[in-house]
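>>> Just the structure for this:
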Amino acid sequence: MLVALPDLHRAMQGGPAPEQVLQWMVDVSGLPVSLISRLYRMGPVVRDEGRALGLESVEVGGQAEVVEPGGETTVAGEWSTGR
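Numbers count the residues shown, from 1 in each chain. I've put the predicted structure just below:
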């Protein structure tokens with residue numbers, strides 16, 4: 001889709017784009033164009049959001065280790081979404 005990159009950006013910004021580009025976006029992502037546009041306009045996600053949920057994430061060897069304050073549960077060597 002490199003040839004249609006300007007059309008992709010325009011579509012993700014909510015502007016007009018060829019129907020083929022819009023259909024390709026839906027086929028590839030499985031999301032409606034309106035949601036793709038909304039995600040495209042979002043700001044970056046703050047990495048330490050897990051702290052708001054009472055979880056502390058510590059990086060160990062390039063991977064996350066999740067420590068739950070209420071218990072002694074840690075999961076070493078697995079990636080965490082902070083949820």
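>>> top helix in this protein by residue count?
Longest helix in the chain by number of residues (criterion: DSSP state H): helix 19-29.
>>> what's that helix packed up against?
Other helices and strands packing on helix 19-29, by 3 or more CB pairs under 8 Å, 6 or more residues apart in numbering; DSSP states H and E, are helix 5-12, helix 33-41. For glycine as for every other residue, the C-beta is placed from the backbone atoms N, C-alpha and C.
>>> what's the angle between that helix and helix 5-12?
80 degrees (axes from the mean of the first three to the mean of the last three CA atoms, to 10 degrees).
>>> Counting neighbours, which bits of helix 19-29 end up buried?
Going by neighbour count (16 or more other CB atoms under 10 Å), the buried part of helix 19-29 is 21-22, 24-25.
>>> now, which of these sits nearest Val46?
Lowest distance from Val46 to the buried residues of helix 19-29 (CB to CB) belongs to Met25, with 26.7 Å.
>>> hang on, the earlier thing: of the helices and strands packed on helix 19-29, which stretch is the most buried?
helix 5-12 (a mean of 15; mean count of other CB atoms under 10 Å).
>>> low-confidence ranges in this structure?
For the chain, the stretches with pLDDT under 70 are 49-83.
>>> Which residue ranges make up the domains of it?
Domain ranges of the chain: 2-41, 45-83, per automatic domain parsing.
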